[in-house]
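Colleague: Task: produce atomic coordinates for the following.
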Amino acid sequence: MDEGYRILVVDDQPSFHYLVTDFLVSAGYTVVGAENAQAALEELARRPIDLILSDLIMPESSGIDLMRQVHGQWPEIPFILVTGHGTIENAVAAMKEGAKDYLLKPLHREELLLIVERTLEHAKLQADVDRMREVQQQRFSFQNIRSVSPAMEEVLASARKVAAHPRTTVAIFGESGVGKEVLARAIHLASGLNLPTFVPLNCAAIPETLLESELFGHVKGAFTGANIEREGKCARARNGTLFLDEIGDMPLVLQAKLLRLLENRVYEKIGGDTVLKADFRIIIATHRDLEQCCREGTFRLDLLHRLNTFPLTIPPLRERTQDIPQLAEQFMAVFREHHGKRLPGLSQAALDQMLVYPWPGNIRELRNCLEYAAIVAEGALIRPEHLRQLKGNEQGCRTENSGDSINLSLRFTTEEFSYDAVRQALLDWAMEQSNQNKSSAARLLKASRKLFY
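Modeller: Next up, the predicted model:
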């Protein structure tokens, strides 16, 4: 047993102290004694304690009274109550007040050590979970979204306002890589909702035949292969947030069922007849122009109207280049922590190139570019040659529109030039001209939409 664990034993009977101390010390624990509640509080103020084992009946102050005082200042310390007057009522009262367990005198060594070990393991696990939750909350809070761009600040101000209304549907628009899910998580946390109840579902990443089951769940025997009943994302998001990413790729048939969920706040599992309540917020995100999708017949107009209750549009990185320096520093701080070593800083020449690069992949591309550079840079600074994505920044397609003509300029280094590079540059140009809409880009190139997959 870890000798670092320190246990405080509180009892007014010296014989009990000697017995319990002998049991615990023989198992490798450090034991501190106190004869009453006041002495116990003084010990707690003097040194860290991992667990308290206290008698229930003591003069002046009971074990439950002591537990209340302790948890008022040190809520993380687990408490085990011991008594020679055991009743079911006493046990229930102790557990309701926050005791982790309840023991009867005379104590048996094996039982005591088992309960102490189990209680300490649970406390350690809870502490780890709390630390993880704190890290996650810091990572996804509004405080972690840094921006000096007026356009982005306006988006963040609106997002903070809607966070105070945890049942309002939010629609987040923006190009791929701008951080739509990051903003959705920040809204979720600022709404006062528990972090685990943020449930994401990428509508573009799941086959159409499985998407409905993934969203609503299914009962046993609902379809071939449904051997067990399954909860869907809606059930997991209870009292939290359901985040539907890439909503523009949701099949029309499923859009009708989503519309019913939004309007009536109810849903049913596939094959089930029980109407379930949708007690969660819905946040959707897409890089598509949903109005254009409606005109093309791939998205329901009535669903768009229902989703568009509170729209937020995140501007692309090329429209808020003033955020690049602090985003770069933020990412470098993360890389230093993850790699556990000193990493280079950013040279002014490298930063100058980053400020003029268009960043078609937005913040995601910026992060990847910096992580690569931090690994390959051998000196104290990241220089332009370490920025892989920015090498040959003049390569690719440049265009000049003149009346009914399009003049394309292709620039590549000799090493990078190839058929595939030209083809990719043309596809990238078409996507950029079409605001990342594959259908529009295909029409621009007079080609099939499949080309972009």
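
Colleague: Can you verify residue 299 is assigned to a strand?
Modeller: No - assessed with DSSP: H, G, I helix; E, B strand; the rest coil, residue 299 is coil; it does not lie in a strand.

Colleague: Settle this for me: it is touching residue 249, isn't it.
Modeller: No - look at residue 299 against residue 249 with Cβ atoms under 8 Å: they stay out of range, at 9.5 Å. Bear in mind the C-beta positions are built from the backbone N, C-alpha and C, glycine included.

Colleague: between the two, who's got more neighbours?
Modeller: residue 299 (23 against 19; other Cβ atoms under 10 Å).

Colleague: And residue 191, how far from residue 160?
Modeller: 10 Å (Cβ to Cβ, to the nearest Å).

Colleague: Neighbour count for these two, which is higher?
Modeller: Legend: neighbour count by other Cβ under 10 Å for residue 191 and residue 160, higher for residue 191 (18 against 13).

Colleague: who's in contact with that one?
Modeller: 163-164, 166, 241, 281 (Cβ atoms under 8 Å, 6 or more residues apart in numbering).

Colleague: Can you select the buried ones from these in PyMOL?
Modeller: Typed into PyMOL, the line below selects the buried ones among the contacts of residue 191, using 16 or more other Cβ atoms under 10 Å:
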select buried, resi 163+166+241+281
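
Colleague: who touches the residue lying closest to residue 200 once chain neighbours are set aside in this structure?
Modeller: Spatial nearest neighbour of residue 200, excluding adjacent residues (Cβ to Cβ, 6 or more residues apart in numbering): residue 243 at 4.4 Å. Counting by Cβ under 8 Å, 6+ apart, residue 243 touches 181, 184-185, 188, 198-201, 283-285.

Colleague: how about 7 Å then?
Modeller: 181, 184, 198-201, 283 (Cβ atoms under 7 Å, 6 or more residues apart in numbering).

Colleague: Mind picking the one among those that's closest to residue 359?
Modeller: For the contacts of residue 243, the closest approach to residue 359 (Cβ to Cβ) belongs to residue 181, at 18.1 Å.

Colleague: from what I can see residue 249 touches residue 203, true?
Modeller: Yes - applying Cβ atoms under 7 Å, one finds residue 249 in contact with residue 203, separated by 5.0 Å.

Colleague: rewinding a little: tell me which of the contacts of residue 191 fall in helices.
Modeller: residue 163 (DSSP state H).

Colleague: what's the most distant pair in the contacts of residue 191?
Modeller: Across these (Cβ to Cβ), the longest gap, 14.0 Å, separates 164 and 241.

Colleague: Which secondary structure element of the protein has the lowest mean pLDDT?
Modeller: strand 396-402 (a mean of 51; mean pLDDT, DSSP states H and E).

Colleague: Now do the helix or strand where residue 338 lies, average pLDDT.
Modeller: Using DSSP states H and E, residue 338 sits in helix 324-339. What helix 324-339 shows for mean pLDDT is 86.

Colleague: cool, and stretch 39-49?
Modeller: Stretch 39-49 comes out at a mean pLDDT of 91.

Colleague: what's the spacing between residue 53 and residue 279?
Modeller: Counting by Cβ to Cβ, the gap from residue 53 to residue 279 is 41 Å.
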